[in-house]
Every structure is written in C-alpha cells, then in structure tokens.
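[1] Give me a 3D structure for the following:
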Amino acid sequence: MIGSKHSQFSILNSQLKKGYKQTVVGLIPEDWKRYKLGKVAEIRMCKRIFAEQTTRSGDISFFKIGTFGKEPDAYISYALYNEFRSKYSFPEKGDILLSAAGTLGKTVVYNGQPAYFQDSNIVWLEIDHKKLSNEYLHHCYQVIKWASPEGSTISRLYNSIIRDTNIVLPSTLKEQITIATALSDVDDLIESLEKLIAKKRAIKTGAMQQLLTGKKRLRGFDGEWGLINIGKDASLNARIGWQALTTAEYLETGSFFLVTGTDFVGGHVNWNTCHFVDKWRYSQDRKIQLRLGDVLVTKDGSIGKVGYVDGLPMPTTLNSGVFVVRPMNNIFDPRYLFYVLNSKIFDDFLSQITAGSTITHLYQKDFVTFEFNAPEHKEQQFIATVLSEMDAEIQALEKRLDKTKSIKQGMMQELLTGKTRLIQPVSIKSAGEAEKKKSHNWQINEAVVISVLAKYFGSTEYPLGRKRYTKLSYLLHRHEERIAEGYLKKAAGPYNPATKYSGPEKIAQKNGYIKRHKRDNFAGFIVADNIAQAEEYFEDWYGKDALTWLNQFRKRRNDDLELLTTVDMAMEDLQRSKKSVSLSTVKELIDSEPEWKPKLSRDVFSDFNIARAMKELAELFG
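    Numbering: from 1, shown residues only. Take a look at the predicted model:
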C-alpha cells in the first residue's frame, strides 16, 4: 500500500540529493549536524523573587511571565538586584530569553540593561559559543519543534523538553552568522514596515477627527453642516428572529453567500470565510439582500464592528447578527457613514449606551437614536475619498508587510534546514540592488513571462491556453524565486486570476508580444511581431538557463502539469504550517479544499501518481 510508513520512507530516500543526508529531522547537508539542545547549551534562570520582595514602583524592572516582552508592573531594589546578579545565574547581553510558560517559546533578546526575570517561567540557554551563536539560535526558536511524546500537547517548556529538542547546526559559526544576518535583515525590514503602518494609521485617525467634525474643511467647501439621524434618515434592517439560521444551514458551497459579523476584515467583507445558504433562505427577506454601497454593523458579540460592501461576487444575504444601513433620499454618502461609524464619534455613542452594563447587543431602539453632523453630499463624498485613499495606502503597506513575512518564512525554511546555502553573507540591501536591475513591476514581468511561454509552448496549431501557461509560470517562479505568489487553489490547479484581470495579458497584447488565436476548439495565445523584445527582457531577468529548465515540460499533458503544481502547492502549504509532508498529508490537504477535493476521484490523482509527483518535485526544487 503506497500510503504505508514503509512506502513513505522509500519516497523520502528516493528524494536524497547529492551532498545531503537523511536524519530524524529530515534532509540536511552532509557537513551539518543535529544536536540535542542539552548537548550544546545549559538551561539557566534567575534566582526566585518572592512577591513581598517586589514593589509597584522602584529601581529595577522585574518581568513576570505576564509582562514578558511588555511593560513591567513590578520592581525590585538595587541592593537585591546587585546581590542576586553577583551570586546567581544572570543573562549576558545578547542572550535569548525564552518563555517556558504562558505563550510558549516567546523570545526577547536581552539588551544588557538592568532588569530581573521570573525564575522557571523565563529561561535562557548558556550556549557553547564554539558550536552555536545566539543570533542563529534566535531564528531557530521561531521554527523549532519542541520535543514531546507523540500526540501530546505541551502546556509548559520543562527543562527536560528543552534539553531533548533537536537543533540543526551548520558546521561553521561563519555560516550560522551569515544565515542569521540574512534573516535579521528581513526582520529589520518587517519592523520598519510595521512602524510605517502604525504612523500612517495615526495620521488617518487624526484626519478622521478633523474632517468628520468639520474642524478642518477641504478646499472649496464652506457650506453649513446638518444633523443626520439614523432613525429618520436611514433604513435599518436585519434578519428578524423567526428567520434566524441554525449552523446546520450554513453550507460549504452554493450560489448564495451568507455574511456574518466574523466575516469583516479591515472594514471589508472577506468572502473567503463566508458560508453559503440555499435559495429559499436568500429569498426570504429582500431587505437584507446586499447591494453595492451597503454599510454593515454588527449587533451581537463584538458590537459596532463596521463593514462596507464594495463588491458582490454573488447574491448575498445576512445572518441575524448584522444590521445593513442604507441612506434614505440620498441624504448621506454610504462611505462617509462608514468612516463616521469607524470613528470616535460612534465609539463614544456605544460607550454611552453600554455604560454600567455588560451589554453584548446593539439594539435597534438604541441605534436609531445615533446622530452625527455632516456637510452637504458632495463634501461627504470628497471626505470619504480622502480617507479611502489613506486606507488604500495603508492596505498596500500591509500587503507588502504580509509578503515580506511570507518571504521570511520561506527563507527560514530554506536557510535553517540547509536547503539553500549561503556561501557569503547576503543582506536585504544586496537583494534590493539586484531587484533594482529589473526596474519593472509585477504586471510587466508576467506579461513578458506569458509572451515567452507563448513562443516556446504555443503554435498556430495549438495556441497556448490560460490554464497551461498558468501552470508553466507557476513552475518557473518556483524554480527562480523559490515561491510562487498570487496563485489560488482552483479546480484546474493553482491559478492566478490577476494575469487576466490585472493587466499582464493586456500589456503583452498591447506591446505586440502576443495575440489571441483560435483554431477549431483550441483558443489561446501565439507570438506577435514584437516578441523579440519580450525575449530580450526575459533573458535579462531570468537568463538563458530558465528556458532550458522549462523545456522539460514541453511534452507534458495539462493533466500532468495540474498534478505536479497541485501537489507542489499542497506540499508548500504543509511546510509553511510546520506539518509533516507525506502522501497521506498531501491527500488530506487536497481533500480539505472544496475546489480540489474532486481531483482525488480522478485517475491522474491516484496514490501512485501523487507519490510520483512528490518524488519529481523533490528533484526539481529540493
């Protein structure tokens, strides 16, 4: 049986590549070694401090597990600090403090400033500096798998668990520091982005306070403001009691979305988390069938959470925990109301109606009393536009931050396991300089990729279709960048809708690289007159070897490419989730995805073929 442990181990053995060895923690370079942490370090902790030895204010900060990495709420005297520091274990500057209770494995790099730490709950490793650097250890902690009996849940990092935990070390400190430096550069970039986002949010909050109260007016507007009342100037609707849905009616697939209060993310509906309902439930109340421009407000649980409907992928209704608010007689702009409800104005209203109670419900009788000042409709629109542009800037930074964090995860997976070796130190700066050489954005890049694929994988007899080029571009990015971003788990395998809807196809056609072509039942792209320019760009960005590498897929059927890319995407997901990669876990992941699940009933996704794909992918990407 292919799914057996013996067969899975055979698959792993067949994945061995030159210069690597199989260990209990997986494949590692032959010159790297696996150690138990107890073999390269000693666990240390501070001397116990009793409650009566602390004060609420004082000389030296005393960090307990609840304040670890935060602001202290207890202090000890200089005299006690100096005595305990001289007599008992105390961290050196640069040591990695580790939480052994509470949030397990949380780390803080000790900066050398006077402070004291709660014994047993906060520990550190006194390392053998000839074998291990603290900088490298710090990054290892972020991906480490603590030793525990199979299937058990760790509630505390006991010393025995820490000592028995595996760590993989490069053979030289130089390589450890090189790896740590590369990862720390990304950490610095992440930190700078987080600070910039916090700054932009603060600026937006200040702008909302000014613009939504009339303290600051936009140029060209000086009209009087008027009072708007939700009860008089808006329609307020929600799913009424007898129409309430049970969780059994929440469907995993369907043609009618159901939005709940937990589906709001950053003020917008996250359609990926929405359930579905049947047509009868959707048609039950037309007043709560969503429209573009609707403003949504939660009335249960986290009351006052606000969402704005800026897109409707399919007909949608609400569950009973959400109000939909619409203007009457166009008296206010929905986006303006959205920002008012996200401001201190509405926060103060909620505080007033909930004062002195443990209320967890926003009643309609209370909501209809909410009033706010607003300018004429046109000025409302301009204010909403200004704030929307600020939101767009913040969202772009958040997307960049998420991408950087994803890159960091990929780098840790590659560097801390030795899959990718750094011969010399690499920093974000050098990576950035290489990136500048491209001097182009993602849309242009993909336009060139699609065009070159059309030349080498398409013809007038068999033009290159979207499904095929998507699989080929996925494989190219995995080969060149180690990560393929923007691809969704669709029925035909990994698919990136942005190539069609966000510009690359249009750019490629507009620049004369490719053109649409149809022959009988075959439709897709073939080369156009200016294809040479696309080839020149491709060679500059990816080199000649990239096409040579891609050539191995020229005669592969679409089904085969679908199998290969689907299995690869599943394996990547499992690795990012720190789960084991095997035939059974790959199948489980495919089965868990609604659009992928039917694949397992097809011959091409048999156990044998999935195992074959896993072996080939190991050879392709390591």
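[2] so how far is residue 104 from residue 397?
    Separation of residue 397 from residue 104 (C-beta to C-beta, to the nearest Å): 31 Å. In short, each C-beta sits where N, CA and C put it, glycine included.
[3] Can you list the buried residues in stretch 140-147?
    By neighbour count with 16 or more other C-beta atoms under 10 Å, stretch 140-147 contains the buried residues 140, 144, 146-147.
[4] Give me the packing partners of the strand or helix carrying residue 526, helices and strands only.
    Residue 526 belongs to strand 522-527 when elements are defined using DSSP states H and E. The contact analysis (3 or more C-beta pairs under 8 Å, 6 or more residues apart in numbering; DSSP states H and E) places strand 522-527 against helix 442-457, helix 466-481, strand 514-519.
[5] One more pass at 7 Å, please.
    Applying 3 or more C-beta pairs under 7 Å, 6 or more residues apart in numbering; DSSP states H and E, one finds that strand 522-527 contacts helix 442-457, strand 514-519.
[6] Show me what counts as buried in the last one.
    Judged by neighbour count (16+ other C-beta under 10 Å), strand 514-519 contains these buried residues: 514, 517.
[7] hmm, back to that, just put the helices and strands packed on strand 522-527 in a markdown table and tack on distance to residue 79 and mean pLDDT.
    Formatted as a markdown table, the helices and strands packed on strand 522-527 follow (distance: least, C-beta to C-beta, whole Å; pLDDT from 0 to 100):
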| stretch | distance to residue 79 | mean pLDDT |
| --- | --- | --- |
| helix 442-457 | 61 | 89 |
| strand 514-519 | 78 | 90 |
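[8] most tightly surrounded among these?
    When you average the neighbours per residue for each of these (mean count of other C-beta atoms under 10 Å), helix 442-457 leads with a mean of 22.
[9] any residues touching that one, and which ones?
    By C-beta atoms under 7 Å, 6 or more residues apart in numbering, the residues outside helix 442-457 that reach it are 464, 468-469, 472-473, 476, 499, 502-505, 507-508, 511, 513-514, 525-527, 531, 534-535, 537-538, 547, 554.
[10] Just the buried subset of those residues, written out for ChimeraX, thanks.
    Buried members of the contacts of helix 442-457, defined by 16+ other C-beta under 10 Å, are picked up in ChimeraX with:
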select :464,468,469,472,473,476,499,503,504,505,507,508,511,513,514,525,526,527,531,534,535,537,538,547
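[11] what's the spacing between the next helix-or-strand element following the strand holding residue 526 and its chain's center?
    Moving toward the C-terminus from strand 522-527, the next helix or strand (DSSP H and E) is helix 531-542. Relative to its chain's centre, helix 531-542 lies at 32 Å (C-alpha atoms, centre = their mean, to the nearest Å).
[12] what do you get for stretch 605-621?
    The answer for stretch 605-621 is 27 Å, by C-alpha atoms, centre = their mean.
[13] do stretch 246-254 as well
    The answer for stretch 246-254 is 26 Å, by C-alpha atoms, centre = their mean.
[14] Kindly report the same for stretch 182-190.
    Counting by C-alpha atoms, centre = their mean, stretch 182-190 comes out at 17 Å from the chain centroid.
[15] Report the separation between the residue lying closest to residue 377 once chain neighbours are set aside and residue 267.
    Leaving out its chain neighbours, the residue that sits closest to residue 377 by C-beta to C-beta, 6 or more residues apart in numbering is residue 333, at 6.1 Å. Computed as C-beta to C-beta, the residue 333 to residue 267 distance reads 15 Å.
[16] just residue 607 next, same as before
    Between residue 607 and residue 267 the computed distance is 45 Å (C-beta to C-beta).
[17] just residue 196 next, same as before
    Taken as C-beta to C-beta, the span from residue 196 to residue 267 is 20 Å.
[18] who has more neighbours, those two?
    The residue with more neighbours, out of residue 196 and residue 267, is residue 267; 17 against 14, by other C-beta atoms under 10 Å.
[19] That one is in contact with residue 309, isn't it?
    No. Counting by C-beta atoms under 7 Å, residue 267 stays clear of residue 309, with 10.5 Å between them.
[20] low-confidence ranges in the stretch 251-400 of the chain?
    Across the stretch 251-400 of the chain, the ranges flagged by pLDDT under 70 are 356, 358-359.
[21] repeat that for 80
    Scanning the stretch 251-400 of the chain for pLDDT under 80 picks out 301, 355-360.
[22] got a pLDDT number for the residue of the chain most remote from its centre?
    For the chain, the residue at maximal distance from the C-alpha centroid (C-alpha atoms, centre = their mean) is residue 79, at 47.1 Å. With respect to pLDDT, residue 79 scores 94.
[23] now the residue nearest the centre of the chain: how far from residue 447?
    The residue lying closest to the centre of the chain (C-alpha atoms, centre = their mean) is residue 402, at 5.1 Å. Residue 402 sits 24 Å away from residue 447, going by C-beta to C-beta.
[24] How about residue 160?
    In this view, residue 160 and residue 447 are 57 Å apart by C-beta to C-beta.
[25] what do you get for residue 246?
    Distance of residue 246 to residue 447, computed by C-beta to C-beta: 49 Å.
[26] just residue 137 next, same as before
    From residue 137 to residue 447 the distance is 44 Å (C-beta to C-beta).
[27] Same question for residue 617.
    Using C-beta to C-beta, residue 617 is found at 27 Å from residue 447.
[28] now swap in residue 355 and tell me
    Distance, residue 355 to residue 447, by C-beta to C-beta: 58 Å.
[29] next one: residue 414
    Counting by C-beta to C-beta - residue 414 and residue 447 are separated by 28 Å.
[30] now swap in residue 471 and tell me
    For residue 471, the distance to residue 447 - C-beta to C-beta - is 18 Å.
[31] Ok, residue 60 next?
    For residue 60 relative to residue 447 (C-beta to C-beta), the value is 61 Å.
[32] Please apply the same query to residue 467.
    Separation of residue 467 from residue 447 (C-beta to C-beta): 18 Å.
[33] Residue 560 belongs to a strand?
    No. Counting by DSSP: H, G, I helix; E, B strand; the rest coil, residue 560 is not part of a strand but helix.
[34] Now do the closest residue to residue 604 other than its chain neighbours: how many residues are near it, please.
    Once flanking residues are discounted, residue 604 sits nearest to residue 559: 4.7 Å by C-beta to C-beta, 6+ apart. Using other C-beta under 10 Å, the number of residues around residue 559 comes to 15.
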